[in-house]
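[1] Model the structure of this input:
(chains A and B)
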Amino acid sequence: MKESKLGDFEETILLLVGILGEDAYAYKLADEFEAQTQRSVSIGAVHSTLNRIEDKGFLTSDMGEASTERGGRRKRIYKITAEGQQALQKSRDLKLSLWRQFPAFAQGKLNFVLG
Amino acid sequence: MKNVEPPKLAEKLLLLFLRRDLAEEVLGDLDEQFYATISKHSTRKARLNYWYQVIHYLRPFAIKYFQSNSRFNTMIKHNFLIGFRLILKNKMQSSINVGGLALGMVTAILISLWVYDEITYNQYHATHDRVVQVLRKDVNGDQVQVNSSQVSKLGVYLAQNYADLFEEVSTTFYRNGKQFLQVGDRSLERLGYFFSVNSANVLALDFVAGDKMDSTNLYSILLSEQLAETLFPNENPIGQAVLFNGQADLMVRGVYADLPKNSTFHEMEFIVPMELVYNEDNPATWDNQNTKIYGLLHPGVKVEEAERAISNALSANMPNNTRKTSLLLHPMDKWHLNSNFRDGTLVTSERLQYVRIYSTIGAFVLLLAFINFVNLNTARYHNRVREIGVRKAMGSYKTQLIGQFLAESLLYSTSAYVIALLVGGLTIGAFNELSGKGIVIPWGEPAFWLVGICFVLLSAVLSGAYPAFYLSSFDPVKALKGTIRQGAASGRFRQALVTFQFTISIALIMGMITIYKQLEHAKARPVGYNQSDLITARGRSDTYREKFNVLRNELLRTGAVVEVATANYPLTNDLGNNSGFKLRSNNEEFNTTFNTIFVTPEYGQATGFELVKGRDFRRESEGELQNVIISESAVSAMGLENPIGQVIVSPMEVYNRTANYTIIGVVKDMVKHSPYDVAKPLMLFPTYYPTEHIFMRLSPAMDYQQSLTRIEEVYAQILPEMPFNYEFVDDAYSLKFTAEERIGSVASLFTLVAVLISCLGLFGLSAFFVEQRNKEIGVRKVLGASIISLWNLLSLRFSLLILLACVVAMPLAAFVLTEWLNGYTYRISLDWSIYLMAGLGSLVVTLLTVSYHSLRATRANPVDSLRAE
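    Next up, the predicted model:
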């Protein structure tokens, strides 16, 4: 059977693909990841993860247009598939349901901001 | 900026392993990142980052599929397989090979880490490239001296007038001693610095908790993490009070991460504001050189530039100074390895010399290991001759054979490296102990592994190249016929290599013996006073000074102590110097600087100094205070025939005294500073006023433990707030030998390794040598040769090699060692016993090594060797 679970890092990357839309390619994703999480990551690591998610069928990719700062090379743009959307939805639902069962949270004693 | 391009080499590396279909997008991404980094940071950073990104593409998904059906890969695999089988086949030879290489590699790894630790000294401080120490260059006649002690006002002055150069100027005391810290009933004596409040910025301290100090509340203290842990276990130290020297409560403002051992300030355990000492009530002055000054330059300010600007800042403010004084700036990056000034300019310092010596030893040890590898592999040629013949007959190219042999040596060096890493990991603790370092093997650093891989490849090529080319050049026809005999040339080559190995070993042995002898020589040097049973303690508070006499009487009454005296400086350094003395009978000042110490009259009794002429001080009248005792070297510095009764005129102004002092006694020179230097001329002035350093001579009749307990009781009774912290003077004195002892033990260790590696090689070689002559030995035995004569036959050649090695090694070593010894004033000379010991030692070791195989062969039944085949 094909692996279909989403790891934590994978989930973040998948979300970032959604956020960046037409700009979702490895370098921009790594850049955005660093900006959003303040954790450094290499492009290689992001690329490898993208590759893995694509294998699971949550992403598709196509070569986009070229630009000068890339030395005239094209980039690979990633898009979330319907299955990817579903997987994200599932993961969010699960977490929300867990949060709701967390007593301290249910009573409104914790002051977390939901992201 | 437009012209900058990503590093070509990294790009090539990437393309080497990257899947072809990914090349376009990946290269594009990396380029984009590269130009983005340039626009934000420096080009250098962008290049580094590019490399970082390339290395991080070494991931399974991105790597080309090498396992194609290419015959090339099959062959490489085959090469390793054969190599692996060979290792297993000749277990003895392989373990000698791998063991020797591993030993060499461990040595190389440890030494490289040591050297790395040395050259990155102080780089922990993020500001290291901008921090400078302000030094003072005094020109006095033709004497040029560079000192780090500065008048306290200078720091303030530089901060105020050169704010365009210095971001911060921080002052600390020239000597920072141990201070008493008290929290609740916990009392500790720890070394801390009085340091300007901005010192945390200068040193770029990393705060674990709390924050740096500011000038609004000076009653604060910064603690190192370790000290905070000790003072406040399981508590939050921030905001707590620490009683400082029993005088003031200081509030803990911040806790900073412990400084690593390779920081100049690693001994500092806490910081209290210098402004507590010098402030508006007690302003800094232009006349007391009791501080050190550190500056943090603004980014972009060049050291030379700043140095030129401030050069005259001191002399402009001290017009009365007769000496020509200018200021120098010494950048932090040079403090550790480049800190020796001779005649006012930087010269190679000892530290840097040690770095060079160690690196040389490391390189040599590694070279010895490589030589072993070469020797053993070429000597074993006959095992491979037929194999090579068959391979060549089957159409193998020479390059393929070379590949085969290089693959084998890669296998050897990789396994040796793995062993070396294991051994290194296990022994790093002991090595730290030995070398006084705090080195951690950087397992998590990619750079460490990268260097390691390069190192393995390099050693595979270095050690495998000669055997590979030599063995692959055999003529296949001769090889198959079995008529290849090893030529005399290759035999000579091996002998030359063995001789070279032993040349190095013998030179190292000589070095080791010399260092050891020099150390023993200095340790045995008479110090001019009696160190045994002598302890020293310190007292500083007003209560101590008031109650000193009571303390002394009580201590004497216990019977634990024979005598108690004080001095304003310890016995183990030569601080406290003055010049400008003259004789009353002669108006000319002496050129010499004298070590001037104020002591209570019982100092002689307590320390047991050796009076040569005249008398000791007596606790009698005020008149005694106009007397002085000087040392023998002071007598000769003054050129006195009859010193007793002469009157010295002193430039020092001492309360209630005149400038004239009569010499009443002469003592033997006291070795206080370096046991390798000439003793400084000494003047002892009597005083009834108790000073900081207390010396107590313990009663020889009582055992130490008992005496110390009694002293502690007296302390508790008379000075309850002052803990009795003592030190044996001989212990303190022996610390002077630590540096040389470290060098000595580390050098001995590596010498031992070098000898061991050489012996391993010799061992393997002699096995081969004996094996080759097995039949000859059998025939000789049958014809009646005795074991002794056979042993002689087999060992003689090696003994000759050793003798040759001696001839080469000794003059070389003698040259280097004489240079080294010249660095010491009090030194041994290289005598024949050193040469003899090194020569005989290596001869004995060689014969023992060689004898194992030769004796086994000579004692074997000749029938066995003759019947074979």
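
[2] Can you check which helix is longest in the chain?
    Since no chain was named, I'll use chain A. Under DSSP state H, the helix in chain A containing the largest number of residues is helix A:82-101.

[3] that's the wrong chain, I meant chain B
    helix B:398-435.

[4] Buried residues in that one, which are they?
    Neighbour-count burial for helix B:398-435 flags B:401-417, B:419-421, B:423-424, B:428, B:431-432, B:434-435 (criterion: 16 or more other C-beta atoms under 10 Å in any protein chain shown). All C-beta atoms are positioned from the backbone trio N, CA, C, and that covers glycine.

[5] first vs last residue of stretch B:313-324, how far apart are they?
    12 Å (C-alpha to C-alpha, to the nearest Å).

[6] same question, stretch B:603-614
    Stretch B:603-614 has an end-to-end distance of 16 Å (C-alpha to C-alpha).

[7] and chain A, which residues reach chain B?
    Residues of chain A found near chain B (C-beta under 8 Å from any C-beta of the partner chain) are A:25-27, A:30-31, A:42-45, A:47-48, A:51-52, A:63, A:66-67, A:69-71, A:73-76.

[8] PyMOL command for the buried members of those?
    Here is the PyMOL selection string for the buried members of the residues of chain A next to chain B, based on 16+ other C-beta under 10 Å:
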select buried, chain A and resi 25+26+27+30+31+42+43+44+45+47+48+51+52+70+71+73+74+75+76
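
[9] Now, the residues of chain A next to chain B that are in strands?
    A:63, A:66, A:74-76 (DSSP state E).

[10] Which one of the residues you listed is nearest to chain B?
    Closest approach to chain B among these (C-beta to the nearest C-beta): A:Arg76, at 4.3 Å.

[11] Now name the helix or strand holding the closest residue to the closest one other than its chain neighbours.
    Nearest in space to A:Arg76, with sequence neighbours left out and distances taken as C-beta to C-beta, 6 or more residues apart in numbering or on different chains, is B:Glu25 at 4.3 Å. Using DSSP states H and E, B:Glu25 sits within helix B:23-40.

[12] buried stuff in that helix?
    With burial defined by 16+ other C-beta under 10 Å, the residues of helix B:23-40 counted as buried are B:24-35, B:37-38.

[13] ok, now stretch B:594-611?
    Using 16+ other C-beta under 10 Å as the burial criterion, the residues of stretch B:594-611 that qualify are B:594-610.

[14] May I see the ones in strands among the residues of chain A next to chain B arranged in CSV, with pLDDT as well?
    Listed next are these as CSV, based on pLDDT from 0 to 100:
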residue, pLDDT
A:Met63, 87
A:Ala66, 79
A:Arg74, 87
A:Lys75, 87
A:Arg76, 90
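
[15] Now flag whichever of the residues you listed is closest to B:Thr325.
    Closest to B:Thr325 out of those is A:Lys75 (65.2 Å), distances taken as C-beta to C-beta.

[16] For the closest one, which non-adjacent residue is closest in space?
    Leaving aside its chain neighbours, A:Lys75 sits nearest to A:Tyr25 (4.3 Å; criterion: C-beta to C-beta, 6+ apart).

[17] Show the model's pLDDT score for that neighbour.
    For A:Tyr25, the pLDDT comes out at 90.

[18] ok, it - contacts?
    With contact set as C-beta atoms under 8 Å, 6 or more residues apart in numbering or on different chains, A:Tyr25 has these partners: A:64, A:75-78, B:25, B:29.

[19] now do B:Ser851
    Contacts of B:Ser851 (C-beta under 8 Å, 6+ apart): B:791, B:795.

[20] how about it, phi and psi?
    Note on B:Ser851: its backbone torsions stand at phi -60, psi -30 [degrees, to the nearest 10].

[21] Tell me how far it lies from B:Phe798.
    10 Å (C-beta to C-beta, to the nearest Å).

[22] Quick check: B:Leu406 vs B:Leu790, distance?
    Distance, B:Leu406 to B:Leu790, using C-beta to C-beta: 39 Å.
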